[in-house]
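>>> When you get a sec, could you give me coordinates for this:
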Amino acid sequence: MKKVSKILGFIALVAIMVFTFAACEEDGGGDHNPNPGGNNSGGGGSGSGDSGTTMGATLSITNEQIWHFNGESNTLYNGSPAIISAIGIDENNRQVSIGGSGNITNGRLTFSIGTPSVLKSIASETIFTYGNYGLSNINIQINPSEAQSMSLDFISTNADSGHGVLGKVRYPSMTNAIISMETVNYIYVDRDVTISSPGGAFDENVSYAAFNMTLRQGWNAITMNITGTQQSGNTTFSLGDSSSANWTNLEIW
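Below you'll find the model as predicted:
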């Protein structure tokens, strides 16, 4: 799999990896089980003490195991890089620091963030759209429409010579040429807000299923599941964290 720039944003980066993974598998390469370890949320794993993620006014990630994905396989990560910043995408589609603090020790992540330092209109939120479209550009209803939001696109670290991109994801598995994967997206909203859609298509190749979810004031988790082939895909959204995704360091440049 070719490496791509983190400037795309984590969700767009993951989407590209899904379809590139399909191409690698069709060529006979890749790992059919690149995420063998499962999820370590809520348990101690190989480290000491409690681990897991809590949400509300503060998003708190405690002692969660990190994996490392190089484009073809996923392995346990044991590095201790410094955290540079939590990154979000502003209304002008630019990556910006949104605050928070934490550390990575021997491959385990502890991080917390309260109200993001940058908020934007939820109409320009990109977590539902692979980072390429605002909600106002597709068939999604928002109530109240004046709500403000910010999603944690990824956590930037100085791993891999300053190019560490850390996000929560279950990397691709393939069965009969059909691949599936999911990402967990953490989003802050400044008030309760309902987001719904009858479903539709982002473009001629990627569709999305109907959904209706109420985000509560503070931090929420939305899981995005992508299923498809190299040529096309379908996306579903569900409210809540994933039991099978892991914090993963992407190997990119």
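>>> Okay, buried residues for stretch 215-235 please.
Buried residues in stretch 215-235, counting neighbours by 16 or more other CB atoms under 10 Å, are found at 215, 218-226, 228-230, 233, 235. (Each C-beta comes from the backbone N, C-alpha and C, glycine too.)
>>> Return the subset of the residues you listed lying in strands.
Among the buried residues of stretch 215-235, the members falling in strands (DSSP state E) are 215, 218-226, 228, 233, 235.
>>> And the helices in the stretch 151-253 of the chain?
Secondary structure of the stretch 151-253 of the chain (DSSP state H, counting those that start in this stretch): helices at 159-162.
>>> where does it have low pLDDT?
159-163, 172-178, 202-205, 229-232, 251-253 (pLDDT under 70).
>>> how about the strands in it?
All strands of the stretch 151-253 of the chain, identified by DSSP state E, counting those that start in this stretch, fall at 154-157, 164-175, 178-189, 193-197, 200-201, 206-208, 211-215, 218-228, 233-239, 246-250.
>>> Who are the packing partners of the shortest one?
Applying 3 or more CB pairs under 8 Å, 6 or more residues apart in numbering; DSSP states H and E, one finds that strand 200-201 makes contact with strand 206-208.
>>> Give the partner strands of the strand it packs on in its sheet and their orientations.
Note on strand 206-208: by DSSP bridges, its sheet partners are strand 200-201 (antiparallel), strand 233-239 (parallel).
>>> And the buried residues of stretch 215-235, which two are furthest apart?
Farthest-apart pair in these is Gly218 and Gln230; separation 38.6 Å (CB to CB).
>>> Pretty sure Asn93 sits against Lys120.
No - Asn93 is not in contact with Lys120 according to CB atoms under 8 Å; the separation is 10.2 Å.
>>> quick one: which of the two has more around it?
Between Asn93 and Lys120, Lys120 has the larger neighbour count (other CB atoms under 10 Å), namely 20 against 12.
>>> so who does the residue lying closest to that one once chain neighbours are set aside touch?
In space, and not counting its chain neighbours, Lys120 is closest to Glu91: 4.3 Å by CB to CB, 6 or more residues apart in numbering. For Glu91, the contacting residues are 120-121, 124, by CB atoms under 8 Å, 6 or more residues apart in numbering.
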